[in-house]
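> give me a 3D structure for the following:
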Amino acid sequence: MKKHALKRFQAWAAVIACLSLSAVLWTEERFQARLLIEGGAISDRASKIEIWVEDYTKTEEVLQLLEILYKGGYEPFMSAFRGMNKGIIRPIGGRGVKITIHAAQNIQTDKGRKVLLFAERKGWDADARQKIDRRFSFMVIELNINNKGKGEGKIYEQANIKLTSQGTIEIESYNSPPQQLWGVKVLK
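Residues are numbered from 1 along each chain as shown. Predicted coordinates:
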């Protein structure tokens with residue numbers, strides 16, 4: 001009798017473990033896109049990038065960041081922002097920089113959804129020498145995905161962001177025109 005109870009307990013424990021693990025896996029998403037990298041040590045070339053979003057930023061997290069910014073100022077805000085790791089962006093093959101995503105939002109639209117990714121500003125090419133304007137501390141990636149999992153996107157390499165009292169993050173301004181992403185698709 002005790003063996004049956006123990007086996008049932010183990011079976012239920014396995015089911016619960018699988019369900020909790022699957023909840024984590026369902027929030028993870030991967031995207032792929034192409035980006036034209038200009039200049040640098042090599043002439044202009046198209047590069048394939050992969051984006052892994054492990055989790056989307058919750059309203060409460062944005063409101064906490066907003067409170068830290070108001071009460072503590074810019075440096076404590078940036079420290080908290082850097083502590084939020086929601087995924088990575090990396091080039092596929094070749095040299096490049098792995099970029100940590102610190103905030104990610106998934107916004108439903110009429111034709112699908114818009115995914116906004118926020119990171120600290122970094123260049124894409126490890127060999128490129130970029131002019132950097134210190135007034136624009138963030139990189140923002142905007143993906144517009146249709147209901148079939150395909151779309152287009154933009155990268156704002158030098159941007160400012162705005163936290164709203166509704167718990168969202170928006171692009172406030174940017175320094176240079178965005179770079180176009182094409183061939184954006186959701187990977188399964």
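
> now the strands: where do they sit in the protein?
29-37, 45-53, 87-91, 99-109, 112-120, 138-146, 150-163, 169-174, 179-187 (DSSP state E).

> of all these, which lies closest to residue 61?
strand 99-109 (7.7 Å; Cβ to Cβ). C-beta: built from backbone N, CA, C; applies to glycine.

> give me the helices and strands touching the closest one, please.
strand 45-53, helix 74-83, strand 87-91, strand 112-120 (3 or more Cβ pairs under 8 Å, 6 or more residues apart in numbering; DSSP states H and E).

> residues in contact with that strand: which ones?
In this structure, residues lying in contact with strand 99-109 by Cβ atoms under 8 Å, 6 or more residues apart in numbering are 51, 53, 55-57, 61-62, 81-82, 84-90, 113-120, 122, 139, 144, 168-169.

> change it to 6 Å
Residues from elsewhere that reach strand 99-109 (Cβ atoms under 6 Å, 6 or more residues apart in numbering): 53, 56-57, 81, 84-89, 113-119, 122, 169.

> same thing with stretch 160-171?
By Cβ under 6 Å, 6+ apart, stretch 160-171 touches 59, 62-63, 65-66, 103, 118, 136, 138, 140, 159, 172-173.

> could you dump the residues you listed into JSON lines and include neighbour count and distance to residue 150?
Converted to JSON lines, the contacts of stretch 160-171 look like this (neighbours: other Cβ atoms under 10 Å; distance: Cβ to Cβ, whole Å):
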{"residue": "59", "neighbour count": "12", "distance to residue 150": "28"}
{"residue": "62", "neighbour count": "20", "distance to residue 150": "28"}
{"residue": "63", "neighbour count": "16", "distance to residue 150": "33"}
{"residue": "65", "neighbour count": "22", "distance to residue 150": "32"}
{"residue": "66", "neighbour count": "17", "distance to residue 150": "34"}
{"residue": "103", "neighbour count": "24", "distance to residue 150": "24"}
{"residue": "118", "neighbour count": "23", "distance to residue 150": "23"}
{"residue": "136", "neighbour count": "19", "distance to residue 150": "30"}
{"residue": "138", "neighbour count": "21", "distance to residue 150": "26"}
{"residue": "140", "neighbour count": "24", "distance to residue 150": "21"}
{"residue": "159", "neighbour count": "20", "distance to residue 150": "25"}
{"residue": "172", "neighbour count": "13", "distance to residue 150": "29"}
{"residue": "173", "neighbour count": "12", "distance to residue 150": "29"}
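
> this completes my enquiry, with thanks.
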